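*Asks:* take a look and give me a structure for this.
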Amino acid sequence: MASNFSIVLTGQAAFGESVLNTLIAQGEFIAGVFCQPDQTGRPADPIKTAAQEHGIPVFQFKRMRDAEAINTFRELKADLGVMAFVTDIVPMEILEAPTQGTIQYHPSLLPKHRGPSSINWPIIQGETKTGLSIFWPDDGLDTGPILMQKEVAIGPDDTLGSIYFNNLFAMGVDALVESVSLVKNGNAPRIEQDHTLMTYEGWCKPKDAIIDWSESVGTVYNLVRGADPSPGAGTTFQGDPIQFYNASIQENDPSEKPGTITSATEEGMDIACNGGTITVRRVKPSGSKKISAQDWAKENNVQIGHHFGE
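*Replies:* Residues are numbered from 1 along each chain as shown. As a prediction, this is how the structure comes out:
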């Protein structure tokens, strides 16, 4: 492969920025960066700022499917497209424009957990492992052939945040950079997914993270940690919405009705569930910032025996 191998990177946020900086540090030539348009009143996306600091052209289109975006991408005459945290629909005209095709990062072990919230759902569903896939995107949703996969154990106390920031973020950057080298050297595999094993979930939204207090303590706990920090597992207190974060579980046999507050100390707030107790250390009342569970309990004169979900 020629030494002037060129890459066009499409991405956003800290992950896209880290991929960009790592590729540059490895001596790769980045012909251009595509990211979402700036948002009024908010700072520029980190990937845009990093690209500008390196003198790399930045292109910002609201829709990658627009003809102007497609034509602009083609004019860069890239050898490889790299997609690092992309939430827009990228058309085949762009995916197929680079001479060596396009590779994409996805934070699950495809074909399981296709879709946009693929880190939340394995935790919510109580799975004990997840991982990442670098794949060749096609005209389906996360359906293209696999180039590389790496597994990550989901510990009993892991959250969405810990799995991403402690594992899938750095591993994903390294895997994308390693995959670029495999493509350049002509050694990148294309392993077809077993589509009979596929699962798909949409965005994990607040409405999908409402606690059902009739469920087992394990199910409730998995929902809380799988939605921490986003979108936050929710319930109600005296009719007002509230979300839980930074929780732990004790498998005991409380006599109280599920959803009952059994303790509120500086260690957190204990809540009875079916088959155990969860301790919640931080909460987010509706229209407020996150605060400690103890402070919230004091501010709202919460008493032992009060219930959530009512």
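
*Asks:* can you pull the poorly scored residue ranges out of this structure?
*Replies:* Residues of the chain meeting the criterion pLDDT under 70: 1-3.

*Asks:* switch to 50 and redo it
*Replies:* 1-2 (pLDDT under 50).

*Asks:* kindly report the domain assignment for it.
*Replies:* The record assigns the chain these domain ranges, following automatic domain parsing: 6-197, 207-299.

*Asks:* how long is stretch 188-195 from one end to the other?
*Replies:* 21 Å (Cα to Cα, to the nearest Å).

*Asks:* in it, what's buried?
*Replies:* Residues of stretch 188-195 classed as buried under the neighbour-count rule (16 or more other Cβ atoms under 10 Å) are A188, Q193. (C-beta placed from N, C-alpha, C; glycine too.)

*Asks:* residues in contact with it: which ones?
*Replies:* Contacts to stretch 188-195, defined as Cβ atoms under 8 Å, 6 or more residues apart in numbering, come from residues 103, 110-111, 135-136, 143-148, 179, 182.

*Asks:* ok, now stretch 55-74?
*Replies:* With Cβ under 8 Å, 6+ apart as the test, stretch 55-74 has contacts from 8, 10, 20, 30-38, 48, 51-52, 81, 88-91, 93-94, 97.

*Asks:* could you flag which of the residues you listed are buried?
*Replies:* Neighbour counting with 16+ other Cβ under 10 Å marks 8, 10, 20, 30-36, 48, 51, 81, 88, 90-91, 94, 97 as buried within the contacts of stretch 55-74.

*Asks:* restricted to helices, list the residues you listed.
*Replies:* Here DSSP state H is the test, and the buried ones among the contacts of stretch 55-74 give L20, K48, A51, I94 as lying in helices.

*Asks:* so who does the last one touch?
*Replies:* Listed by Cβ under 8 Å, 6+ apart, the contact partners of I94 are M64, A69, I70, F73, R74, G81, T102.

*Asks:* tabulate those residues (JSON lines), appending secondary structure.
*Replies:* Compiled in JSON lines, the contacts of I94 are given as follows (DSSP: H, G, I helix; E, B strand; the rest coil):
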{"residue": "M64", "secondary structure": "coil"}
{"residue": "A69", "secondary structure": "helix"}
{"residue": "I70", "secondary structure": "helix"}
{"residue": "F73", "secondary structure": "helix"}
{"residue": "R74", "secondary structure": "helix"}
{"residue": "G81", "secondary structure": "strand"}
{"residue": "T102", "secondary structure": "strand"}
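
*Asks:* quick check: the farthest pair among the residues you listed?
*Replies:* Maximum pairwise distance among the contacts of I94 (Cβ to Cβ): 14.3 Å, between A69 and T102.

*Asks:* out of the contacts of stretch 188-195, which are buried?
*Replies:* Of all the contacts of stretch 188-195 considered here, the ones buried according to neighbour count by 16+ other Cβ under 10 Å are I103, L110, P111, F135, W136, T143, G144, I146, L147, M148, S179.
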